[in-house]
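Student: no sequence on this one, just coordinates:
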């Protein structure tokens with residue numbers, strides 16, 4: 001492109017930016033005057049990414065939506081005091097982060113649930129999990145959220161930072177470490193911006209971040225330690241999930257176990273039961289299949305990963321929703337399965353029951 005062509009493009013871009021600033025200034029003026037539609041126009045571009053931020057902080061879609069609504073209400077009520085020293089987006093993140101911190105500090109977390117699967121006696125679990133309030137996040141809700149611009153200091157790929165393993169590891173962190181590592185390493189805000197959001201100092205933020213990073217390294221497998229999963233939606237991913245569906249629907253334990261890595265891990269929040277290793281997981285699914293329970297599976301996606309809704313076949317022929325499995329793939333095997341309760345099925349557009357086949 002010629003020098004003149006580049007100059008014209010730069011001038012056009014500047015004119016476009018100036019127009020956007022004028023429009024936003026007008027919207028801000030109307031919103032400060034009490035115009036709710038103007039406020040929604042200002043905040044709507046950030047709504048989805050703020051919900052994902054709250055989800056990372058709280059590990060729950062329901063809690064994230066509550067925190068988001070609280071954030072928007074607080075912003076609406078406090079708009080008159082917004083001095084525009086930071087961008088509107090940064091200001092909203094400040095509010096959302098502190099609303100989530102308040103939720104973690106003051107609200108009682110949902111308790112663990114007792115085993116309640118009829119006619120199934122599970123084997124002794126490998127351990128009892130400490131993160132029992134985790135919920136999955138539908139991929140459909142990520143649209144536009146994980147494409148939001150990141151700061152230059154972000155350390156994680158956006159797809160990695162929404163995975164179940166990463167979100168689970170975040171929930172183990174103390175609240176302040178959780179907030180700092182998300183704001184700094186996931187979203188890429190500068191240390192001085194995070195210090196301002198948390199009413200802290202840069203030195204304190206850097207110290208907290210160091211501890212948070214060390215904890216995450218202990219809980220999240222490093223990418224180089226495992227074979228990479230197939231690309232989302234690829235034929236390779238589709239083939240693995242199809243094999244899982246066939247094995248599970250036919251209660252073929254050998255075929256299911258053949259798909260698992262040696263160190264496969266299974267959990268089922270809000271029940272604390274966790275099984276690690278192919279033998280332990282095999283015994284668990286043997287107890288499920290051995291009870292005579294048979295299932296139909298419907299495919300979907302959660303947290304950037306393949307998932308399936310599970311429906312228990314009834315004598316009437318109808319299959320009733322009993323849960324959702326989210327699968328973590330490593331190479332051409334399954335390295336983790338997380339089972340959630342049937343309450344989450346509508347979030348994925350899945351029915352509560354399936355008609356007779």
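Tutor: Cool, the structure landed. Nothing here was measured: the structure is a model prediction, and the numbers come from that model.
Student: With adjacent residues omitted, what lies nearest to residue 255?
Tutor: Counting by Cβ to Cβ, 6 or more residues apart in numbering, residue 247 is the residue found nearest to residue 255 once chain neighbours are left out, at 3.8 Å. Backbone N, C-alpha and C define where each C-beta goes, glycine included.
Student: and that neighbour, what element?
Tutor: helix 235-249 (DSSP states H and E).
Student: Which strands and helices lie in contact with that helix?
Tutor: Other helices and strands packing on helix 235-249, by 3 or more Cβ pairs under 8 Å, 6 or more residues apart in numbering; DSSP states H and E, are helix 253-258, strand 295-302, strand 305-313, strand 319-330, strand 333-341.
Student: Kindly recompute the last result at 10 Å.
Tutor: Secondary-structure packing of helix 235-249 (3 or more Cβ pairs under 10 Å, 6 or more residues apart in numbering; DSSP states H and E): helix 253-258, helix 278-290, strand 295-302, strand 305-313, strand 319-330, strand 333-341.
Student: quick one, helices of the stretch 101-250 of the chain?
Tutor: Applying DSSP state H, counting those that start in this stretch to the stretch 101-250 of the chain gives helices spanning 164-172, 175-181, 191-197, 202-219, 235-249.
Student: ok, how many other residues are close to the residue nearest to residue 255?
Tutor: Residue neighbour count, defined by other Cβ atoms under 10 Å, stands at 19 for residue 247.
Student: Next: residue 147.
Tutor: Using other Cβ under 10 Å as the criterion, residue 147 is surrounded by 11 other residues.
Student: same check, this time on residue 66
Tutor: Counted with other Cβ under 10 Å, the neighbours of residue 66 add up to 17.
Student: Same check on residue 331?
Tutor: Neighbour count of residue 331, defined by other Cβ under 10 Å: 14.
Student: mind pulling up the phi and psi values for the nearest residue in space to it that is not next to it in sequence?
Tutor: Closest residue in space to residue 331, ignoring its immediate chain neighbours: residue 227 at 3.6 Å, by Cβ to Cβ, 6+ apart. Per-residue torsions, residue 227: phi -70, psi 140 (degrees, to the nearest 10).
Student: residue contacts, residue 227?
Tutor: For residue 227, the contacting residues are 261, 329, 330, 331, 332, 333, 335, by Cβ atoms under 10 Å, 6 or more residues apart in numbering.
Student: residues contacting residue 141?
Tutor: By Cβ under 10 Å, 6+ apart, the contact list for residue 141 reads 48, 51, 52, 55, 61, 64, 65, 302, 347, 348.
Student: got it, and residue 83?
Tutor: Neighbour list for residue 83: residue 91 [criterion: Cβ under 10 Å, 6+ apart].
Student: ditto for the one 5 residues further on
Tutor: Taking Cβ under 10 Å, 6+ apart as the contact definition, residue 88 lies against 24, 27, 28, 42, 43, 45, 46, 75, 79, 82.
Student: Only the buried subset of these, as a PyMOL command please.
Tutor: Buried members of the contacts of residue 88 can be picked out in PyMOL with the line below, counting by 16 or more other Cβ atoms under 10 Å:
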select buried, resi 27+28+42+43+46+75+79+82
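Student: Nearest to residue 142 among the contacts of residue 88?
Tutor: Among the contacts of residue 88, residue 46 lies closest to residue 142 (Cβ to Cβ), at 14.6 Å.
Student: What's the mean pLDDT across the host helix or strand of that closest one?
Tutor: Assigned by DSSP H and E, residue 46 belongs to helix 36-58. Averaging pLDDT along helix 36-58 gives 94.
Student: Tell me which other helices or strands that helix touches.
Tutor: Here helix 36-58 touches helix 3-32, helix 61-78, helix 88-106, helix 164-172, helix 175-181, going by 3+ Cβ pairs under 10 Å, 6+ apart.
Student: right, and the ones you listed - which one's nearest residue 112?
Tutor: Among the helices and strands packed on helix 36-58, the nearest to residue 112 by Cβ to Cβ is helix 164-172 (13.7 Å).
Student: list the contacts for residue 197?
Tutor: By Cβ under 10 Å, 6+ apart, the residues touching residue 197 are 86, 90-91, 93-98, 179-180, 183, 189, 205.
Student: how much space is there between it and residue 98?
Tutor: 8 Å (Cβ to Cβ, to the nearest Å).
Student: what do those two both touch?
Tutor: The contact sets of residue 197 and residue 98 overlap at residue 179 (Cβ under 10 Å, 6+ apart).
Student: give me the low-pLDDT residue ranges for the stretch 101-250 of the chain?
Tutor: Within the stretch 101-250 of the chain, the stretches with pLDDT under 70 are 107-109, 146, 221-225.
Student: go again using 90 as the cut-off
Tutor: Scanning the stretch 101-250 of the chain with the threshold set as pLDDT under 90 gives 104-119, 128-133, 142-160, 217-228.
Student: Identify the residues contacting the nearest residue to residue 348 once chain neighbours are set aside.
Tutor: Distances taken as Cβ to Cβ, 6+ apart place residue 300 nearest to residue 348, at 4.6 Å, with adjacent residues excluded. Going by Cβ under 10 Å, 6+ apart, residue 300 touches 136, 138-140, 306-309, 324, 326, 345, 347-350.
Student: Going by distance to residue 125, which of the residues you listed wins?
Tutor: Of all these, residue 326 has the smallest distance to residue 125: 18.8 Å, by Cβ to Cβ.
Student: ok, that closest one touching residue 241?
Tutor: No. Assessed by Cβ atoms under 10 Å, residue 326 is found out of contact with residue 241, at 11.3 Å.
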